[in-house]
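1. Generate coordinates for the sequence data below:
(chains A and B)
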Amino acid sequence: MAIHTEQSAGAKIKDKQGGSWLYTDVVKDHFFNPRNILKHGEEETYSADGMGRVGSPACGDEMVLWLKIDKDEERITECKWQTFGCGSAIASTSMLSVMVSENGGMKIADALKIKPQDIMERLGGLPNRKIHCSVLGDKALHAAVNSWFRSVGYHDRIQVSGKKVIDAALNITDHDIEEAVLEGAMTLEDVQKKLKVGVASPEAIPEIEGLIRFYSDKYYGESAI
Amino acid sequence: MFPQKPEEKKMIYLDHAATTYMDPAVKDAMDPYFSDLFANSSGLYAIGRQAREAIDDARRTVADLLGTQVDTIIFTGGGTESDNMAVFGVALHKKIEQLKQTSAEVKGHIITTKVEHHAVLHPCEELEKQGFDVTYLKPNQEGYVSAAQVKDALREDTLLVSIMYANNEIGTVMPIAEIGREILKWRKEHAGKYPYFHTDACQASGALSLDVEKLHVDLMTINGSKMYGPKGVGMLYKRRGINLKPLIIGGGQEMKMRSGTENVPGIVGFAKALELAQSGREAENIRLRDMRAYFWEQLKAHIPKIRLNGPPLSDETVRLPNNLNISILDIEGEALLLYLDEYGIICSTGSACTSESLDPSHVLLACGLPYEYAHGSLRFTLGKRNTKKDIDYVMNYLPAIVARLREISPVNLSYNPDENKHAQYLQR
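-> Numbering: from 1, shown residues only, chains lettered A, B, ... in the order given. Now for the predicted structure:
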């Protein structure tokens, strides 16, 4: 069952066509031995500097992430988490928690630059349709850093992922298009099936196509396009 | 931590509604037709005639089991094909009839349910794009659609009613005979030949009666792979006089309804499997029901915050004997399924993460189950090889895995044990 494990750098990290459900040994290791879990009952006593909660059980994914941060060095010293999520969510958040806290911890500025693709690379890839499940840990990290910025008064540094309305007729934002791409829509037609975006506002189509290219590149790599 | 793995990994297969292993007796029956009696059944030489005879015998066996004539049994490439053939076939025939009348516009009405298999739902959605009108009946919270609901939905232009015999996810048995009688009555009162009545009986073939006269169905789908038979072979029962446009045309096999060189070993295996499933079903139903009752008692005793999905287990007329569908609160089904797999326990989930669409089970949602319950659902479907020992094996690991996943979950849903009570049926 070992797949993807002996890949050289630059090899494809997931199979676009395959729709495979197979997980790499690294994914399995993190799935069966998740790192940095915050135990139940410790939420109150764990003096976190930042905390982020995203998703909801109704969406099938909920993630909570706690950070301890060295203020002077702006470095993450500890990263703990809990999840209601599938195997991919568990493995990728476990890996994310390792990435930001290993080797003495990551600088805040660097941690914010981590892309889902970076986590995927460390995991040796995820089945394509599971990439969607791995993004939540990343969003929880951003939320936790923002909560720290707020608590130490760095209000100007809070990164609000601004929504931009793309299709005014239907009030569809760039976030909606990001979600659609994460759910596997790769063409304008796919996205329209999900969102009906641009149907009533054809003038928005060039921008929609641009966003589809941007997000499919972000999450699936350039080979996807 | 997760429980210690057993020294010798077992395989406890509890996903019989997905597919079954093949009965060795079925394999024996099929064996001669692969390399020895391999001929095309249209060949006039001896081995061709032997192949033809094997198909004829299989058709006779199946027709007898369904209480009908041989010329109503059409062998196909599986359950999905049979469902497609029924839905598209009826609509297409009507469409061609309408197109012959120059002024006519294409229209017609179909009734189905929100809990059908996608092999029926997707063809219906496709027909909507082509101008047909489809009513999707909403089930009650146990997945049950009543004959009265069907009756109320019937229209002058209704061509087809397609309602599954038993649901694949929660095991709900639909009142097929009752619905059939309502449709007969309607046709009589309106002196018309429509609507036809189709049922997908794939999940029912091992457990329930398939007597087409008592069920009053015009079209019925069965496949081999859910009743210890071969995969890739199924059948569509088509009552005499029912107009259906074939989807696969060519050499005119299967009474011109399904072209292509016959899958002789598959057809032989299908008939054998159906024969075995139907002959032993009553004793097996009792055995499976007992085992399931034991399983559910164990689950309730050892796992807090769980809920039974679907009809009550005690009423044998409304639920398949082998189906147990539960929601385990505060954890996600796909993760649980993967852990169970590590211990050799195989089952399925209605969680979004296992579906192509990334939506949770359409059946559980149609029954009004909240999303967070659907995401934490597990389906166990028992079968021939299972014994109580298997249930004990599962119970050695499942409660500990659930406890571990709850430890890493930030969710703590409110739980009302009264939700386990079953609402009365809407109309019965």
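2. Can you pull up the most central residue in chain A?
-> Nearest to the geometric centre of chain A sits residue A:135, at 2.1 Å (Cα atoms, centre = their mean).
3. in which helix or strand would I find that residue?
-> helix A:131-151 (DSSP states H and E).
4. What lies in contact with the very next helix or strand once past that helix?
-> Counting by DSSP H and E, the element after helix A:131-151 in chain order, helix or strand, is strand A:165-167. Applying Cβ atoms under 8 Å, 6 or more residues apart in numbering or on different chains, the set of residues contacting strand A:165-167 from outside is A:171-174, A:176-177, A:195, A:197-198, A:200-201, A:204, A:207-208, A:211. (C-beta placed from N, C-alpha, C; glycine too.)
5. Within its sheet, name the partner strands of whatever helix or strand residue B:74 lives in and how each one runs.
-> Residue B:74 is part of strand B:73-76 when elements are defined by DSSP H and E. Partners of strand B:73-76 in the sheet, by DSSP bridges, are strand B:234-238 (antiparallel).
6. got the contact list for the partner strand?
-> For strand B:234-238, the surrounding residues in contact (Cβ under 8 Å, 6+ apart) are B:62, B:66, B:68, B:72-79, B:81-82, B:85-86, B:202, B:212, B:217-224, B:244, B:257-258, B:270.
7. Check stretch B:314-325 too.
-> Stretch B:314-325 is contacted from outside by B:16-17, B:142, B:144, B:166-167, B:169-173, B:203-204, B:207-208, B:284-286, B:288-289, B:292, B:295-296, B:308-313, B:350, B:364, B:377-383, using Cβ under 8 Å, 6+ apart.
8. Can you list the buried residues in stretch B:119-130?
-> B:119, B:120, B:121, B:123, B:124, B:127 (16 or more other Cβ atoms under 10 Å in any protein chain shown).
9. which among those residues gets closest to chain A?
-> Chain A has its nearest neighbour among those in residue B:121, at 16.1 Å by Cβ to the nearest Cβ.
10. Following the one helix or strand the closest one maps to in sequence, what is the next regular element?
-> Element membership of residue B:121, judged by DSSP H and E, is helix B:118-129. Per DSSP H and E, the first helix or strand lying C-terminal to helix B:118-129 is strand B:133-137.
11. Work out the sheet partners of that following strand and label each with its direction, please.
-> strand B:109-113 (parallel).
12. can I have the strand it pairs with written out in PDB, keeping just the CAs?
-> What follows is strand B:109-113 as a C-alpha-only set of coordinates in PDB (Å, rounded to 0.1, in the frame of the first residue of the first chain):
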ATOM      1  CA  HIS B 109     -44.200  13.400 -15.900                       C
ATOM      2  CA  ILE B 110     -42.200  11.100 -13.700                       C
ATOM      3  CA  ILE B 111     -42.600  10.300 -10.000                       C
ATOM      4  CA  THR B 112     -39.700   9.100  -7.900                       C
ATOM      5  CA  THR B 113     -38.400   9.700  -4.400                       C
END
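13. Measure how it sits relative to helix B:118-129, angle-wise.
-> 150 degrees (axes from the mean of the first three to the mean of the last three Cα atoms, to 10 degrees).
14. Run the chain-centre distance for the lowest-mean-pLDDT helix or strand in chain A.
-> Here the helix or strand of chain A ranked lowest by mean pLDDT, DSSP states H and E is strand A:172-173, holding a mean of 74. Distance of strand A:172-173 from its chain centroid, counting by Cα atoms, centre = their mean, to the nearest Å, is 20 Å.
15. Please name every helix or strand in contact with the helix or strand that that strand is followed by.
-> Sequence-wise, the next helix or strand downstream of strand A:172-173 (DSSP H and E) is helix A:174-182. Contacts defined by 3 or more Cβ pairs under 8 Å, 6 or more residues apart in numbering or on different chains; DSSP states H and E place helix A:174-182 against helix A:131-151, strand A:165-167, helix A:188-195, helix A:205-220.
16. List phi and psi for the residue of the stretch 201-350 of chain B found nearest chain A.
-> Chain A sits closest to residue B:334 of the stretch 201-350 of chain B, with a gap of 3.9 Å, by Cβ to the nearest Cβ. As for residue B:334, its main-chain torsions (degrees, to the nearest 10) stand at phi -70, psi -40.
17. And stretch A:199-218, what's buried?
-> A:204, A:205, A:208, A:211, A:212, A:215, A:216.
18. domains of the chain?
-> No chain in the question, so chain A it is. Domain assignment for chain A by automatic domain parsing gives A:25-157, A:165-224.
19. actually chain B
-> Taken from automatic domain parsing, chain B resolves into B:24-279, B:282-411.
20. Share the number of residues neighbouring residue B:98, please.
-> 15 (other Cβ atoms under 10 Å in any protein chain shown).
21. Does it lie in a helix or a strand, and which?
-> helix B:79-100.
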